[in-house]
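Novice: let's see this in three dimensions:
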Amino acid sequence: MDVRENEKHRNGIKFTSAEILLAVKMLEMLQPTIDIMYYLMENEHAEAFVLMMISAKGCDLEDLLLKEKRNTDFMFEINKEESLYVMLCQDTKVDGGYHYAERIIRNIVLDGGNTIYCTELEVRAVHYAPKIVILKLLETFIQSKQMNKAGEIVFRSLQ
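Specialist: Numbers count the residues shown, from 1 in each chain. The predicted structure is shown next:
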């Protein structure tokens, strides 16, 4: 079945049905953990955290991420068939998150991986609702794929 002409144009944030289902899954998986991160930031003087959404073909991304993950990081399998994961890195700021993503991408390439998409979102303050943070991460990831930013790290910061 051909794609209709009006479906080829994606002005603004118009999620496809598959992307909305992905957003629902991500909200269910990530929101409780982000709530806890917010509590730690407000009450325990925790620093910023970084969310990284990453996908790659041609390698065992899950295994690579498990090897790189610190015991304070969280790994969420979003879609195993699409090799799509989200990492939540506690007490991580922009520089640390960027270097972490560079190392992961380098290891993916060394392992023969390709078609790598990586989006990071630094969260420095708790005034964004967790669902907004999650949707902003997904929106940025989708945009990076639309703009064919394969192999690049697309980084945003919420302050």
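
Novice: give me the below-cutoff pLDDT ranges for the chain.
Specialist: The chain contains residues with pLDDT under 70 at 1-13.

Novice: does the residue nearest the centre of the chain belong to a helix, a strand or coil?
Specialist: Centroid-nearest residue in the chain: M53, 1.9 Å away (criterion: C-alpha atoms, centre = their mean). Per DSSP: H, G, I helix; E, B strand; the rest coil, the secondary structure class of M53 is strand.

Novice: cool, and L121?
Specialist: State at L121, reduced to three classes by three-state DSSP: strand.

Novice: next, count neighbours for it.
Specialist: Applying other C-beta atoms under 10 Å, we find 24 residues neighbouring L121. All C-beta spots, glycine's among them, are computed from the backbone N, C-alpha and C.

Novice: try the one 3 residues further on
Specialist: The criterion is other C-beta under 10 Å. On that basis, R124 has 16 neighbouring residues.

Novice: number of residues surrounding E19?
Specialist: 15.

Novice: rewinding a little: for the residue nearest to the centre of the chain, which residues are in contact?
Specialist: Listed by C-beta atoms under 8 Å, 6 or more residues apart in numbering, the contact set of M53 reads 78, 84-86, 117-121, 137-138, 140-141.

Novice: just the buried positions in the longest helix along the chain, please.
Specialist: Counting by DSSP state H, the longest helix found in the chain is helix 17-43. For helix 17-43, a neighbour-count test (16 or more other C-beta atoms under 10 Å) marks 22-23, 26-27, 30, 33-34, 37-38, 40-41 as buried.

Novice: I'd like to know which of the contacts of M53 are buried.
Specialist: Buried by 16+ other C-beta under 10 Å: 78, 84-86, 117-121, 137-138, 140-141, out of those.

Novice: the contacts of M53 in helices, which ones?
Specialist: 137-138, 140-141.

Novice: let's have those residues in JSON lines, adding distance to L64.
Specialist: Output for the ones in helices among the contacts of M53, formatted as JSON lines (distance: C-beta to C-beta, whole Å):
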{"residue": "L137", "distance to L64": "20"}
{"residue": "L138", "distance to L64": "22"}
{"residue": "T140", "distance to L64": "22"}
{"residue": "F141", "distance to L64": "18"}
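
Novice: count of residues packed around Q90?
Specialist: 18.

Novice: got a list of what it touches?
Specialist: 37, 40, 46, 49, 72-74.

Novice: from those residues, which land in helices?
Specialist: 37, 40.

Novice: which of the contacts of Q90 ranks first by neighbour count?
Specialist: That'd be F49 among the contacts of Q90, by other C-beta under 10 Å, with 26 neighbours.
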